[in-house]
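Asker: next one to model:
(chains A, B and C)
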Amino acid sequence: MRYWLMKTEPSACSIDDVLAMPNQTVPWWGVRNYQARNFMRDQMKVGDGVLFYHSSCAEPGVVGLAEVAKLAYPDETQFDRNSPYFDAKASRENPRWLHVDVRVTTKTRLIGIGELRVHPELARMRVLQIGNRLSITPVDPTEWQFVIKRLLGVKT
DNA sequence: GCCAACGTTGGC
DNA sequence: GCCAACGTTGGC
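Answerer: Below you'll find the model as predicted:
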């Protein structure tokens, strides 16, 4: 079991949007970065823990907990000529972009990026590094535990 | 809106 | 395969 941080722009798909969906589950469409795709395709397993992160917005930060709900499968938007995520080089026989399903389990308080930066225990998190643009990044178990127990006060 | 950082593209 | 130019990300 691994842990991940997954960014989304709330203007495109916020945690409230996901909570309003059936089973609070969303296909993680629109990833067009190979490293992020490879994480989903090669490493994510059902049940992996996810920090749900809002980016490019007024209050960037972790806003909820989620889990991987389905193994990677082709992203439909790559086949849709009307989608901004359309990829002419992808075909159904040879899809280029895969994604997992993500199910939100808990909407938490906002842990803003500023608060995340305060804690030395989290200083190595990829999302806090300058210039980081990767939308999906691995989270160490120790970092996950710190966020869950120390910042959110979840009892285990 | 600025701009640093970094991924991708494409000419060679 | 190199690498300059370009486009995008995303915090501030």
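Asker: for stretch A:88-99, which positions count as buried?
Answerer: With burial defined by 16 or more other C-beta atoms under 10 Å, the residues of stretch A:88-99 counted as buried are A:90, A:97-99. To be clear about C-beta, it is placed using only N, CA and C from the backbone, and glycine gets the same treatment.
Asker: go on, stretch A:29-42?
Answerer: Buried-residue list, stretch A:29-42, by 16+ other C-beta under 10 Å: A:29-31, A:36-37, A:39-41.
Asker: what's around the residue in chain A that DNA strand B sits nearest to, how many residues?
Answerer: Across chain A, the shortest distance to DNA strand B (C-beta to the nearest atom of the strand) belongs to A:Gly131, at 2.2 Å. A:Gly131 has 4 neighbouring residues, counting by other C-beta atoms under 10 Å.
Asker: same question for A:Thr137.
Answerer: For A:Thr137, using other C-beta under 10 Å, the count is 21.
Asker: buried set for the helix or strand it falls within?
Answerer: If you go by DSSP states H and E, A:Thr137 is part of strand A:136-139. Residues of strand A:136-139 classed as buried: A:136-137, A:139 (neighbour count, 16+ other C-beta under 10 Å).
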